[in-house]
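Participant: I would like the atomic coordinates for the input below:
(chains A and B)
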Amino acid sequence: MNNLKWYFPKTIKEATDLITKEKVLPHAGGTALLLRNLEKINGLVNLSDLPLYYTKKEDNTIEFGSMNTYADIISKLKKIDTENILLKSLQNSADTPLRNRITIGGSIAFAPPWSDIIGALIVLDTKIILSGKNEGVFPIEEYLKNNKLKQDSLITGIRFNLSKWKTFSYRNIRTKKDMPAFHIVVMLQIENDIILESKIVITGTVNRYDWMKEIENYLKSREIDIIEFSKIEEMVDVKFSGKRFTDPEYSRKLAGIELSRGIKKLVRES
Amino acid sequence: MEGTFIINGKEKTLNFNADERLVITLRNNGYTEVKNGCSEGECGACMILLDEKPVHSCQIFTASVQNKNIQTVKGIGDLYLPHIIQNAFVEAGAVQCGFCTPGFIVATYALLNENPNPTEEEIKQAINGNLCRCTGYVKIIDAIKNAAKSIQKERASL
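Facilitator: Numbering: from 1, shown residues only, chains lettered A, B, ... in the order given. Just a heads-up that it's a prediction; the model follows:
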């Protein structure tokens, strides 16, 4: 056994001071830490006593404290926005007992390639609220790309706007228990049979995630009756590493088919 | 380390290593009804209720849940005073080797506490963190449906 030390701060200030210590990490739900070699860690800062279980809704904006679990967020979003893309992504993620344990903050801080929520958070243009050295509010994409933001800082909440857009989420798995090889998220704003805007992201690619800008441009202001779904399939131009499950080219083809099916489903439902 | 926990309604002070997982601490202290299966959060044999929510105890550091409420399958019912759910599993023949059964009972208990009249889909959702390699799940789902009916009947008669 190593000399792992546990800390139990009662305030965010205490917690952010503690994580500046060498090799000391925050512990939220803890499921990601179980995958790490604890021999290399000196201490864990338990965040469970911090006031980070809150939900705030103001007009069209919702904010969740970072210690809300997946299950907490599912139950809260179900009551206010059943079409929400984060809700759809979370409902298919992991399983019931894990969703009771994994926190939204811990999940974003860890953000593995198989993450089920990163795509949803990106298309929602989620803002990450940080305390500590990099105190402030940052767009999710900036947080993911800039590792310096993660140093000596703690995610205390997330914030995004609710919308009336139609949504679709697809995770590529072999069995229900699998972590996905890739994940597709789609948001469409449809009015009077015309797609006004769309937001489409595929995660799990070699770039970690890719926006489908070409498809978004193709769909913009397009009448739903003249969408060529085979064209959408061909427009999916992403690279997969092939490290998970299968051949990268097969995954690309499959992503095209599933994305096209997803858009077709949303258009039919509108 | 030393920490206090409320286990099956009783306050207990236990010793454990700083990096120890809850399933190990519980088993080392006599709660062997919590089974150590895959240790990866896949099989659900180690399922317990933590503050009334079903979780995999193999996916939790013991130190992180001090002072919390922990309920094992024996806190739900035992050989001498079985819970309706446990009787329903026996009557439906939903137990074969039995290794996964404590986890399924815990998952069912959490489900029926929250939703006494679940649909088949909701039952499947509730037990999606539990694996059974013997029964094929049909009898387990039958048992859960029967338990739900019995609980509703019992409540109606009160």
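Participant: what are the ranges of the strands in the stretch 101-250 of chain A?
Facilitator: A:127-132, A:136-139, A:153-161, A:166-171, A:183-191, A:194-205, A:208-211, A:222-223 (DSSP state E, counting those that start in this stretch).
Participant: Any residue of the fourth one touching chain B?
Facilitator: I take that to be strand A:166-171. No: residues of strand A:166-171 contacting chain B under CB under 8 Å from any CB of the partner chain: none, with a closest distance of 14.2 Å. All C-beta spots, glycine's among them, are computed from the backbone N, C-alpha and C.
Participant: Paired strands for that strand, with orientation please.
Facilitator: Partner strands and pairing direction for strand A:166-171 (DSSP bridges) are strand A:183-191 (antiparallel).
Participant: Now do the partner strand and strand A:194-205, the angle between them.
Facilitator: Per axes from the mean of the first three to the mean of the last three CA atoms, to 10 degrees, the angle that strand A:183-191 makes with strand A:194-205 is 170 degrees.
Participant: how far is strand A:183-191 from where the chain is centred?
Facilitator: Taking CA atoms, centre = their mean, to the nearest Å, the mean C-alpha location of strand A:183-191 is offset from the chain mean by 15 Å.
Participant: Excluding residues flanking it in the chain, which one is nearest residue B:154?
Facilitator: Nearest residue to residue B:154, sequence neighbours excluded (CB to CB, 6 or more residues apart in numbering or on different chains): residue B:84, at 6.9 Å.
Participant: measure the one you found to residue B:139 for me?
Facilitator: From residue B:84 across to residue B:139, the span is 16 Å (CB to CB, to the nearest Å).
Participant: Contacts only, for residue B:138.
Facilitator: Contact analysis of residue B:138 by CB atoms under 8 Å, 6 or more residues apart in numbering or on different chains lists nothing.
Participant: Walk me through the domains of chain A.
Facilitator: Domain ranges of chain A: A:5-44, A:55-161, A:166-269, per automatic domain parsing.
Participant: Can you confirm whether the longest one lies near chain B?
Facilitator: Yes: residues of domain A:55-161 are located near chain B by CB under 8 Å from any CB, namely A:71, A:95, A:96, A:97, A:98, A:100, A:101.
Participant: which bits of chain B sit near chain A?
Facilitator: B:1, B:17-19, B:21, B:41-42, B:44, B:47, B:50, B:53-56, B:59-61, B:63-64, B:107, B:125-129.
Participant: Show the buried residues in those.
Facilitator: Buried by 16 or more other CB atoms under 10 Å in any protein chain shown: B:1, B:17-19, B:21, B:41-42, B:44, B:47, B:50, B:53-56, B:59-61, B:63-64, B:107, B:126-129, out of the residues of chain B next to chain A.
Participant: Now intersect those with the strands, please.
Facilitator: Using DSSP state E, B:47, B:50, B:53, B:54, B:55, B:56 are the members of those that sit in strands.
Participant: Strands along chain B, start to end?
Facilitator: Under DSSP E, chain B gives strands at B:2-7, B:10-15, B:47-50, B:53-56, B:69-71.
Participant: Export these as TSV, with columns for mean pLDDT.
Facilitator: As requested, these are exported to TSV (pLDDT from 0 to 100):
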stretch	mean pLDDT
strand B:2-7	98
strand B:10-15	98
strand B:47-50	98
strand B:53-56	98
strand B:69-71	98
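Participant: Give me the neighbour count for residue A:75.
Facilitator: 12 (other CB atoms under 10 Å in any protein chain shown).
Participant: Which helix or strand contains it?
Facilitator: Using DSSP states H and E, residue A:75 maps to helix A:70-80.
Participant: Got the domain ranges for chain B?
Facilitator: B:2-76, B:84-156.
Participant: Distance to residue A:183 for these - can I get that in TSV?
Facilitator: Output for those, formatted as TSV (distance: least, CB to CB, whole Å):
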stretch	distance to residue A:183
domain B:2-76	20
domain B:84-156	18
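Participant: Figure out which of those is closest to residue A:246.
Facilitator: domain B:2-76 (21.4 Å; CB to CB).
Participant: ok, residues contacting stretch B:14-32?
Facilitator: Here stretch B:14-32 makes contact (CB under 8 Å, 6+ apart) with A:1-6, A:34, A:38, B:1-5, B:7, B:12, B:34, B:36, B:39, B:46, B:48, B:57-63, B:65, B:70, B:72, B:74.
Participant: filter those residues to the buried ones?
Facilitator: Of the contacts of stretch B:14-32, these count as buried by 16+ other CB under 10 Å: A:4, A:6, A:34, A:38, B:1, B:3, B:5, B:7, B:34, B:36, B:39, B:46, B:48, B:57-63, B:65, B:70, B:72, B:74.
Participant: List the ones among those residues that fall in helices.
Facilitator: Of the buried ones among the contacts of stretch B:14-32, the ones assigned to helices by DSSP state H are residue B:74.
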